[in-house]
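Q: Pasting the sequence and the predicted model now:
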Amino acid sequence: MPKITIDGKEIEFKQGQTIIQAAEDNGIEIPHFCYHPKLSISGNCRICLVEVERMPKLVIACATIASEGMVVHTNSEKTIAARNAVMEFILINHPLDCPICDEAGECKLQDYAYQHSIGESRFVEEKVHKDKRVQLGPHVMFDGERCISCSRCIRFCDEVAKDSELTFVKRGDKVTITTFPGEQLDNPYSLNVVDICPVGALTNSDFRFKARVWDMSRTNSICYGCSRGCNIEIWVRNNEILRLTPRHNEEVNSYWMCDHGRLNTFKFVNASDRIDSPQLRVDGSLQTVNWDEAFSFVSNKLKQFSKNEIAVIGSPYATCEDNYLVSKFAKTVLGTNNVDFIRHLDPSFADDILRTEEISPNSRGAELVGVTPTKNGLALSEIIKAIKEGKIKAIYLVEDDLLSYDPSLEESLEKLDLFVIHTTNFNASCKFANVVFPAATYAEKNGTFVNIQGRVQRIRPAVATTELDRSLDGMSLSRLDKFGTEFDRWAQGKKYDAKSTWKILTNLSAYFGQKYKYQTSEDVFIDITKNISEFNGLDYESIGLLGKELSLEKVKI
Amino acid sequence: MTQVNNSLKKRKKDLTFWQKIYIPEIIKGLSITMKNMLRPKFTMEYPEEKFIPPASYRGRPVLVMEQNGDERCVACGLCSRVCPALAIEVQAAETEREKERYPEKFEINMLRCIFCGLCEEVCPEEAIVMSKDYELAFTNRDDAIYGKDKLLIPVNQLQDRIEFLRKYK
Amino acid sequence: MSILEIIIITFIKILFILTAMLLTVSYSVYFERKISAWAQNRLGPNRVGWQGILQPFADVFKLLLKEDIVPEKANKYVHAIAPMIALFVAFTTYAVIPIGPNINVFGYEIQLVVADINMGILYVLALTSLGVYAITFAGWSSGSKYSLLGGIRSSAQMISYEISMGFSIGGVLLLAESLRPIDIVNSQTGWMWNAIVQPIGFITFVVSAFAETNRLPFDLPEAEPELVGGFHTEYSSMKFAAFFLAEYANMIIASALIVTLYLGGWHVPYIETLNLPSWLTILIQIGSFFVKMGALLFFFIWVRWSIPRFRYDQLMNLGWKVMFPLSLINIVWVAALIMIFKI
């Protein structure tokens, strides 16, 4: 391996790497705005200037290929002076509006102004004025004055989203970014430009001004939008999800996620149609009851049916742990083999970047942990047929909506003797349900999803339910969470009385005389690893932040 | 040891005979209190007679209201961040004004506030200042949470403090 | 006079003394607060009534409405009896203190004293020693360390100072050749006040009186920095008020005793040379008694706001090594005076 010396430290690099990449791989940070590891090199911000011995001038670390024996100084007098000069130059026309700017707190320019700037400007003239508040696309707002023309957003659209929509116009200090005539920044990955924008020039219209980054807690989780399983962070303030951002995982989603996943997969958590406690149908309408009443009603009812009259439907939206217990509950407690789940497919959703045809996060997991018909059990299509024929009299539906899947079931669902649903929000099927259990959303529980590649990944609770306590249950805490009391309005965010499906089933089994000894979802997972060969040898710790590939043959996308 | 004894002896010597018999000293003490009894009193008879604090006084924090009735605050949240007692809650929102951000909700919990003045010090817009108002009494917790309606004070009433800040901040 | 008349007259006298006593007690509290305020350049209570004149009543009402808390570990009965003893001792002592010469009302010769006992001074000494029980009981029965320490301190203090107090009175008794308070007063006509004749005895008596009433600089039983509230830490509501009243009543009795024993009682020097009508003379004499007593009360309060508290060892040193010998010297001095001048 060839070697270069950076700041007196000899490091190895791969042939063809630039200085900045070699440094990054070895934990040396060279400041940069326009450089992004997944985008082409443009070299226009000049903040990464470094001194290379025997080179007449300073060079930009992002565009200089490292070569054997190079000696690089990133903190020499010359580089520091150059960096200060570049900062001063960039800040000439950058408005001093951090108090207004949403990027404040996670802004590269702000950080570098503290780290690499002398803190003074000699520029006394009026700053240049450009267009502010330009809606570049349905989700992205642009502020021309804040832009430092690093071109990351333009390169992203060209190279990653493969949909050239943005470009520079004008020259010199008047340079600004705009969409091509007749175009809009509306590609399905448009919001990634907000993440990669090093300043507050591009902002997310959905999140704009909602919260300061330092007031939110962030929880590592997995996107719920499709079976790609993009790694995400959930940002929560006052027990309410405010935004999702992608988390780097080179094996799955790199630095990106799609707009659908970012915008449409968290609002239901705090929506007004969330179910807040168990519901029991009394005289034709759903009434709030306590858990015990609901459990004893369901268990008493279920005992009245013969095995073949019951069908249990698991869910590709629920975790592996949930599905494992669904299958176990159905096959051992209820004794039925009519177990399956609904596959949600949308070919129009898929693309060749991240999105997949399967628009649920865990269909592979559901399949693997055994939510499939066995020993002459009925598969989903047969179950539906049997419902219509009246052979199935009781349905146990977990975290899904049977009616929306097959609207022709409306009449037959009405005739069912028992229809039990676990769901997070009210859905169309609830109209016919006898009992509705409030299920915890993916943002309120621990668990695992298996994505389309067969990679098992962890989700963690970001939002507390009534049975969760942020600090006692090891959830991530913001400053406000740490110090808030019940008397502070900013700490009284709504907590729903919902439970994970595995927990509901564990409790319900007790009414059948079956005592499952699961205390946490990890207990369930350990049971899975013991009983299902694909999961052998795994535990939550080894899955870690980035997940673990299961030993399966790859599935075609 | 000898040194200790010496110092003890010295201390005993310090009292004269007249001091040792107490009585003249007691009379001295009594005369001091008597003198003070005849002096003018400092007490301020509060509800009728009110203390008008100097500009350096830190009373309850208030938001500056411009002449046109708009608040100066841009809801940057720095006061809320710096507040050691977490008394301030700010919720920003967008407006059509030139400064596109404004506080949709700005609440100070006066039960939490410790009148340290850090919010005022950190404010980049000179939008939150410590007023001279010290008359704060509530009968329940909810009353102690001051919203924008109570916090906004016209700028001309706060001139004193603003000038003080410009001079010394 | 028939027995019935004596009973009625005595009853009226008791009523008069009791009312006067309670009023004086409440107003001495008021003046305590006022004088302390003045000494500290403040105004003092001035909101209830004109210049706060109704403040004592407001205070009493407040105390009446307070919850009476008895500690769980307290001995309930003793805890309740202690403040009663304190009040009882304070008020009954007053029975033997004359406030003026005999007067004639509707043909009755009336002595201005509730009970003219020939050994009145002994009665006073006996009762004041009983006062120790109030404080000791209160301290012990509260079941609190602070109270107990306060109670112990005060009994030690009161016993120590009672000795010098008794010996100081010895000088007075030698001169008056009687234990009757009226005789003692009458032995001090003109300028022959005991304060002048026997100044050492006067000083030791006054100092002992301060110690006996637990007033600063001798208020160790309730030394706030060390003992919270001392013996009355665990008292609240009217029981606390009883101790409070007793303290001030004791102060008044101490003042009255000092006036009787050392400042000539109701006597005003050379008043008979003015040839005033007898009713006016008597009025002036009664007035002079109260003026003397008021001045002493003021002195009590004034001292409290001027002089810091003694340390406990200093207090004991002072009692046993200074006050006790001085009071003995005083007796010798008075005896010598009698021998030399054959008074």
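A: Yes, it's here.
Q: Show me the shaky parts of the chain.
A: Answering for chain A, as no chain was given. Within chain A, the stretches with pLDDT under 70 are A:553-557.
Q: My question was about chain B, not that one.
A: Applying pLDDT under 70 to chain B flags the ranges B:1-13.
Q: Now it against chain A: closest residue?
A: B:Cys76 (3.2 Å; C-beta to the nearest C-beta). Backbone N, C-alpha and C define where each C-beta goes, glycine included.
Q: Give me the longest helix you can find in the chain.
A: The chain I'm using is chain A. helix A:77-92 (DSSP state H).
Q: my bad, the chain I had in mind was chain C
A: Secondary structure of chain C per DSSP H: the longest helix is helix C:3-39.
Q: can you give me the strands in the stretch 301-450 of chain A?
A: A:310-314, A:339-341, A:394-398, A:418-423, A:435-438, A:447-450 (DSSP state E, counting those that start in this stretch).
Q: try chain C
A: C:103-105, C:108-110 (DSSP state E).
Q: ok, and for the longest helix of chain C, which residues are buried?
A: Residues C:9, C:13, C:17, C:21, C:24-39 are the ones in helix C:3-39 that count as buried (16 or more other C-beta atoms under 10 Å in any protein chain shown).
Q: average pLDDT across it?
A: The average pLDDT within helix C:3-39 is 87.
Q: right, quick check: that helix against chain B, any contact?
A: Yes: under the criterion of C-beta under 8 Å from any C-beta of the partner chain, chain B is reached by helix C:3-39 at C:Ile35, C:Ala37, C:Trp38, C:Ala39.
Q: ok, the residue nearest to A:Tyr324 when sequence neighbours are not counted - how many residues close by?
A: With sequence-adjacent residues excluded and distances taken as C-beta to C-beta, 6 or more residues apart in numbering or on different chains, A:Tyr324 is closest to A:Val369, at 4.0 Å. A:Val369 has 30 neighbours, counted by other C-beta atoms under 10 Å in any protein chain shown.
Q: try the one 4 residues further on
A: The local packing of A:Pro373 (other C-beta under 10 Å) involves 17 other residues.
Q: Now the phi/psi pair for it, please.
A: phi -70, psi 140 (degrees, to the nearest 10).
Q: I figured it hits A:Phe341, correct?
A: No: contact criterion C-beta atoms under 8 Å: A:Pro373 and A:Phe341 do not qualify, at 10.3 Å.
Q: Pull the number of nearby residues for C:His267.
A: C:His267: 23 neighbours (other C-beta under 10 Å).
Q: I'd say it and C:Gln188 touch.
A: Yes: between C:His267 and C:Gln188 there is a contact under C-beta under 8 Å: 6.0 Å.
Q: how many other residues sit next to the residue in the stretch 151-300 of chain A positioned nearest to chain C?
A: Across the stretch 151-300 of chain A, the shortest distance to chain C (C-beta to the nearest C-beta) belongs to A:Asn290, at 39.9 Å. Around A:Asn290 there are 11 other residues, counting by other C-beta under 10 Å.
Q: I'd like the distance between it and A:Phe437.
A: 12 Å (C-beta to C-beta, to the nearest Å).
Q: How about A:Leu378?
A: Going from A:Leu378 to A:Phe437 by C-beta to C-beta gives 23 Å.
Q: same thing with A:Arg208?
A: Taken as C-beta to C-beta, the span from A:Arg208 to A:Phe437 is 37 Å.
Q: re earlier: what residues are up against the residue of the stretch 151-300 of chain A closest to chain C?
A: A:Ser277, A:Pro278 (C-beta atoms under 8 Å, 6 or more residues apart in numbering or on different chains).
Q: Show me which positions of stretch A:176-192 end up buried.
A: Buried residues in stretch A:176-192 (16+ other C-beta under 10 Å): A:Thr176, A:Ile177, A:Thr178, A:Thr179, A:Glu183, A:Leu185, A:Asn187, A:Pro188, A:Tyr189, A:Ser190, A:Leu191, A:Asn192.
Q: Most proximal residue of chain A with respect to chain B?
A: Closest point on chain A to chain B, by C-beta to the nearest C-beta, is A:Pro99, at 3.2 Å.
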